[in-house]
Structure formats: C-alpha cells, structure tokens
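A.B. asks: Please work out how this folds:
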Amino acid sequence: MTDNIQVKKIRTIPSLRWWIGGLLFLSTVLNYIDRQTLSVLAPFLKSDYHWSNADFALIVISFRIANAIGQSAGGRLIDRVGTRNGLSITVLWYSIAAVATSFATGLKSFCTFRFFLGGGEAANWPGATKAVSEWFPKRERGLAVALFESGGCIGAALAPFLVVWLYHTFGGWRYAFVITGSLGFLWLVVWRLLYHSPENHLRISESEREMILKDRAQNDQDSSRSATVGWLQLLRLRQTWGVIFGRALIDPVWFFVADWFVIYLVSKNINLEQGLLVFWIPFVAADLGNFFGGGLSSWLINRGWSVIRARKAVVIFGGLGMFILAGAAFTSSPFALAAIFGFSMFAYASFSTMVLTLPSDLFQSKSVATVSGMSGTAAQIGTILCTFMIGYVSDHYSFTPVLIVASLIPVVAMVMVLILIRNVNRVL
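C.D. replies: Presented below is the predicted three-dimensional model:
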C-alpha cells in the first residue's frame, strides 16, 4: 500500500525574492494612499472646518510625532519579533487607524486619529529594509530598496485621483478614509501566506536559497556579532550618524511636497481640478529617481566600484540636484512648477534610496531595522520642526522662504554623508 503513496512536491516560485520585493512595494503604496488621503482632502476640510494653514499643520504634526516615536520603536520591535510578524502588526494597526479616521468630527479628533495612523505606519520602512537585507544579495539591494521606496511615489500619485473620485462619488470625505484604509487588510492576508525567511521558505528554489545565504555568510563572517545591539552602542558609531543625518535633512523636503503640494498649488491660484494635471508629476519623477539611484549604484558595483563609493556617487547627484527647488518660488506656471518639483523629487528619491540602503550595507542583520528606525525618527523630528515653520511662514509671509531653505538643506545632508560614512566593512 505504501508503494502507491506519492509524495507531492511543492512547486517553487522562480525569483521569489522579487515577489517579496513586490509585496513590500504594495505595502508602501497602501501606506502612502492612507496618509495622502488627508492631504488631498485638505482644501475641502479646511473649507468645511475653517482651518488655517497653522491648524492643518497641527494635524500633520500629530502624525509626525507618532511616526517619530514609532520609527525607532517599530524598528526595534521588528529586529526582535522578526520581519513577518513585525510588518503584520504595523499594517494591521495603520489600516484600522485609517478607517477610524472616518469618525473624526473636528481638529482634535483628526489630530488623534492621525497620531495613531502615524504610529502604525512608522515601521514600514525599517521593516522593508530588514526584509531586503534578509532576501537580497548586496549587489541587488539598491534596486530592491528602490522598488519598495517607489511605492510611496506611486501611492502619492494615485491618491489624488482615487480620493477625489471617492469624494465626488459618495458625496463626502468619510467614505474615502474607509475604502482606502480597508485595502491594507487584503495585503495582510497575502503577506501572511507568502512571507517566510529564505532559510525556511517552502517555495524557494535551492539555487536561490543558496545564493542568498552564501551572500549573507560572506557579509556576516563573525556570527557572534549578529546578536542584538543596544541603541547607545550604535549611536557611538559615525556610520550611524551618517545615516541619521542623511534622512533627517532630506526627508522634510519630501514631506513638504507630499503634505503641502496641493495647498501650495492653490496658493498659486491653481484650483484642485487643474492641479490634478500636474500633481502626479513630482511623484512619478520620484518613482523614476528611486530606480535611477538603485540601478546606478548596482551598475557601478558590477563595474568594480566599492559598495560605499557607488552609494556616495548617487548621494552627490541627489544633493546637488535638489538645489533646483528654489526656482519654484519664481514661477506660477503649473507646468514649470511640475518640471521643477519633478526634477527635485527625482534627485531626492535617488538620494533617499541610498540612505535607506546603507543600513543593510553597514550593519549586521540584527541591527539593520534598529538603525533604519533611528534614522526615521530623526527624519520625523526634522519634519515636525519644518512643518511648524511651513505653517507659520506660509500664513504670515509666503512659501518662498520655505522653498529656498528646502533647496539648501540637501546639500548639507550630502556633505554629512560623505564625511561620516567611510567604512566599507560591516559594523555592529
């Protein structure tokens, strides 16, 4: 009887790591659709509730405060509980918070719901960075990070069309939060089914598993150093500060565009319907910038450049390229604004992809999400301070000083990365 029993072989998935990368991309898309829902609806909500720019800034800051806390806490949590469970928790959390925003009734309740959303969304980036370090060899990590990071650009570009359509279709803003927030629950089901570590995954081919584990072994030569390392130990390293300054100084520029671009266009006497024609351009440009930065660094590594030298070459392009943003202060043409913001965001995304990749280049596996989370916290703190400034300056003066400062800060970030990150060998 046993001779008739056939063992069913589980079918493997070719290039499974890129399917994992695709799930990380979708998570970031949904993350940004949820956060951009408020930004797109801001002109309507400001009119309904009679908010000033400073009032709207308070809602944005509520999100940022929770996100700042959640980046470090979430990164640490993921290093402890693992990527699969950690990202499951964070997506479930922020999806519930997004749906619950439909119950908001005014400034205070919007601040409360956005606080919870910010805390939940925070772990997406350290979690995705850790997943990339687990599933991709070093030569592919720039492209893998570009893939998931590009989800933010795609989500931000899709959100205006989806949210405005939902607003007009259902005759109000509440259904927009319910429908966009519910998408995360669908993602969570697929994630739980597909994501496991390369060592234990049943659907990975042996050749792909061997390639991933061999690359990891070459990078983690001393297994005793892969134990969890404390925050204070990591903060003693100049490499950690290079990553932190890199994100802390450039991310506020991105969030200025993500949070304020609609309001900025309206301040230029461009109505929302006209603005939709150009709103998506900076985000699509940023999407292309992610792949340009990741692809260029991978190409340079394959050409024989050291990993850190290749990453820095892209950082230089990004820091200098963002300087063009100041030109937006001197035009009111929608298409000129789209071109200026577009190139600036292309440069930003190239820079950002490198900063997000560096923790996996520089640190052992058990520290990758922690360092990424700390840099995310610093970025959110910088964004909070900038949001206060943007709200006050735009109400009392104009957006011109904001744009000039936003064009200069990335140059400082570039210099800090070049000075502080020099070691090509992995540290703690």
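A.B. asks: Report the distance from stretch 123-130 to the chain centre.
C.D. replies: 9 Å (C-alpha atoms, centre = their mean, to the nearest Å).
A.B. asks: just stretch 71-85 next, same as before
C.D. replies: Using C-alpha atoms, centre = their mean, the offset of stretch 71-85 from its chain centre is 16 Å.
A.B. asks: What of stretch 337-345?
C.D. replies: The mean C-alpha position of stretch 337-345 is separated from the chain mean by 19 Å, C-alpha atoms, centre = their mean.
A.B. asks: how about that stretch: buried residues?
C.D. replies: L337, A338, A339, I340, F341, G342, F343, S344, M345 (16 or more other C-beta atoms under 10 Å). No exception for glycine: its C-beta is placed from N, CA and C like everyone else's.
A.B. asks: Among these, which lie within helices?
C.D. replies: Counting by DSSP state H, those place L337, A338, A339, I340, F341, G342, F343, S344, M345 in helices.
A.B. asks: Quickly name whichever of the residues you listed is closest to I419.
C.D. replies: S344 (23.4 Å; C-beta to C-beta).
A.B. asks: Which residue, neighbours along the chain excluded, lies closest to the closest one?
C.D. replies: L325 (4.2 Å; C-beta to C-beta, 6 or more residues apart in numbering).
A.B. asks: correct me, but the one you found touches L403?
C.D. replies: Yes - the criterion here is C-beta atoms under 8 Å, and L325 meets it with L403 at 5.8 Å.
A.B. asks: Let me see the contact set for I301.
C.D. replies: Residues counted as contacts of I301 (C-beta atoms under 8 Å, 6 or more residues apart in numbering) are K138, R139, G142, V307, A310.
A.B. asks: go on, W18?
C.D. replies: With C-beta under 8 Å, 6+ apart, W18 has no contacts at all.
A.B. asks: again, only using 10 Å
C.D. replies: Residues counted as contacts of W18 (C-beta atoms under 10 Å, 6 or more residues apart in numbering) are F25, W135, F136, E140, L143, A144, L147.
A.B. asks: how near is it to I409?
C.D. replies: 34 Å (C-beta to C-beta, to the nearest Å).
A.B. asks: what about the protein, any weak spots by pLDDT?
C.D. replies: Within the chain, the stretches with pLDDT under 70 are 1-9, 217-229, 271-277, 423-428.
A.B. asks: If we use 50, what do you get?
C.D. replies: Low-confidence regions of the chain, defined by pLDDT under 50, span residues 1-7, 222-226.
A.B. asks: show me where it has strands.
C.D. replies: Applying DSSP state E to the chain gives no strands.
A.B. asks: list the contacts for the nearest residue to W173 once chain neighbours are set aside?
C.D. replies: Nearest residue to W173 in three dimensions, chain neighbours excluded: L41, at 5.0 Å (C-beta to C-beta, 6+ apart). L41 sits next to D48, A159, P160, V163, V164, L166, Y167, G172, W173, A176, F177, V262 when contact means C-beta under 10 Å, 6+ apart.
A.B. asks: Closest one of those residues to N85?
C.D. replies: Nearest to N85 among these, with distances taken as C-beta to C-beta, is F177, at 26.6 Å.
A.B. asks: Spit out the contact partners of that closest one.
C.D. replies: 34, 37-38, 41, 97-104, 113, 117, 163, 166.
A.B. asks: let's see 8 Å
C.D. replies: T37, A98, V99, T101, S102 are the contacts of F177 under C-beta under 8 Å, 6+ apart.
A.B. asks: Kindly report the same for F115.
C.D. replies: Contacts of F115 (C-beta under 8 Å, 6+ apart): S62, F63, I65, A66.
A.B. asks: who wins for neighbours among these?
C.D. replies: F63 (29 neighbours; other C-beta atoms under 10 Å).
A.B. asks: Give me the distance between it and F170.
C.D. replies: Counting by C-beta to C-beta, the gap from F63 to F170 is 24 Å.
A.B. asks: Check T37 too.
C.D. replies: Taking C-beta to C-beta, one finds T37 at 13 Å from F170.
A.B. asks: For those two, list the residues in contact with both.
C.D. replies: The contact lists of T37 and F170 share A176, where a contact means C-beta under 8 Å, 6+ apart.
A.B. asks: Those two - which one has more neighbours?
C.D. replies: T37 (25 against 13).
A.B. asks: my read: that one touches A98, true?
C.D. replies: Yes - the pair T37 / A98 is scored as a contact, 7.3 Å apart, by C-beta under 8 Å.
A.B. asks: Now do the shared contacts for the two.
C.D. replies: What both T37 and A98 touch, as defined by C-beta under 8 Å, 6+ apart, is the set F177, T180.
A.B. asks: okay, now F335: neighbour count?
C.D. replies: By other C-beta under 10 Å, neighbour count at F335 equals 12.
A.B. asks: surely it meets V278?
C.D. replies: Yes - under the criterion of C-beta under 8 Å, F335 makes contact with V278 at 6.5 Å.
A.B. asks: how far away is the nearest residue in space to G342 that is not next to it in sequence from G152?
C.D. replies: Residue nearest to G342 in three dimensions, not counting chain neighbours: A285, with 3.7 Å by C-beta to C-beta, 6+ apart. From A285 across to G152, the span is 13 Å (C-beta to C-beta).
A.B. asks: what about these two, which has more around it?
C.D. replies: Shown here are A285 and G152; by other C-beta under 10 Å, G152 has more neighbours (27 against 23).
A.B. asks: Contacts only, for the more buried one.
C.D. replies: T28, V29, N31, Y32, A286.
A.B. asks: coming back round to it: I'd like the distance between the residue nearest to G342 and S150.
C.D. replies: If you go by C-beta to C-beta, the gap between A285 and S150 works out to 11 Å.
A.B. asks: Please apply the same query to S394.
C.D. replies: 29 Å.
A.B. asks: Contacts only, for I404.
C.D. replies: I404 neighbours (C-beta under 8 Å, 6+ apart): A326, A329.
A.B. asks: Serialize the ones in helices among the buried residues of stretch 337-345 to TSV and add fields for distance to V314.
C.D. replies: Listed next are these as TSV, based on distance: C-beta to C-beta, whole Å:
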residue	distance to V314
L337	26
A338	24
A339	22
I340	21
F341	20
G342	18
F343	15
S344	15
M345	15
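A.B. asks: Relative to R64, how far out is E149?
C.D. replies: For E149, the distance to R64 - C-beta to C-beta - is 19 Å.
A.B. asks: Over to F363?
C.D. replies: 25 Å.
A.B. asks: Just want to know which of the two has more residues nearby.
C.D. replies: R64 (28 against 25).
A.B. asks: surely the more buried one meets T383?
C.D. replies: Yes - look at R64 against T383 with C-beta under 8 Å: they come within range, at 5.2 Å.
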